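J.: give me the fold of what follows.
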Amino acid sequence: MLDLHRQLVDCLKIGRALLGKERSEWIEHPAVMMWLGAEQEFWMYTLFMNHDWTIRYGRNKRENHLAFVKLQDEFDVGMDSGWNLLPWRDDPRLHDSHKAALIRHNPEHYLAIWPHISPDLPMFWPTLHEDYGPHFYNV
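T.: Numbers count the residues shown, from 1 in each chain. Just a heads-up that it's a prediction; the model follows:
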């Protein structure tokens, strides 16, 4: 539960950085660089995460809900917007490295789920241009 909530809070910070409203270490964070050029897809990902939180744990905290509503207005996208499937969605480098980070964070819980993942994998933060070619990059 706490990992998903932390991820939602991070999504708010990443979204603010993508909009140029975050003045902190998040501006150059690899997660922000990963979503640069795919802001609409980032927002869709964030909406799905928020929906998953609501399904699993009930209504989102009021302050998070209000922040998501405000951010959605600023991104000006909704569930009916067209969006592209990002090239990293099926990239095992991304998924395995992030699973490894979760294992390092809470090995008792996550090793039981992903026993085949090495906790020593370094983080992989793809960028559209550098990892998948300029035709995916629209900034």
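
J.: rest of the way, CA atoms for contacts and neighbours
T.: Will do.

J.: hey, where'd the helices end up in the chain?
T.: 2-18, 30-35, 39-57, 62-75, 92-105, 107-113, 128-132 (DSSP state H).

J.: domains of the protein?
T.: 2-75, 89-136 (automatic domain parsing).

J.: against Ile113, how distant is the closest residue in space to Arg93 that isn't next to it in sequence?
T.: With CA to CA, 6 or more residues apart in numbering as the criterion, Arg93 has its nearest non-adjacent residue at 6.3 Å, and that residue is Phe124. For Phe124, the distance to Ile113 (CA to CA, to the nearest Å) stands at 20 Å.

J.: higher neighbour count, the two?
T.: Between Phe124 and Ile113, Phe124 has the larger neighbour count (other CA atoms under 10 Å), namely 16 against 12.

J.: quick one: contacts for that one?
T.: Phe124 makes contacts with Arg93, Leu94, Ser97, His98, as judged by CA atoms under 8 Å, 6 or more residues apart in numbering.

J.: quick one: which two of those are the most distant?
T.: Arg93 and His98 (8.5 Å; CA to CA).

J.: so those two - more neighbours on which side?
T.: Taking neighbours as other CA under 10 Å, Arg93 and His98 compare with His98 leading, 19 against 15.

J.: ok, that one touching Trp125?
T.: No. With contact defined as CA atoms under 8 Å, His98 and Trp125 do not form a contacting pair (9.2 Å).

J.: circling back to that earlier point, dump the contacts of Phe124 into JSON lines; add distance to Gln40 and pLDDT as well.
T.: Shown next, in JSON lines, are those (distance: CA to CA, whole Å; pLDDT from 0 to 100):
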{"residue": "Arg93", "distance to Gln40": "23", "pLDDT": "93"}
{"residue": "Leu94", "distance to Gln40": "20", "pLDDT": "92"}
{"residue": "Ser97", "distance to Gln40": "24", "pLDDT": "95"}
{"residue": "His98", "distance to Gln40": "22", "pLDDT": "91"}
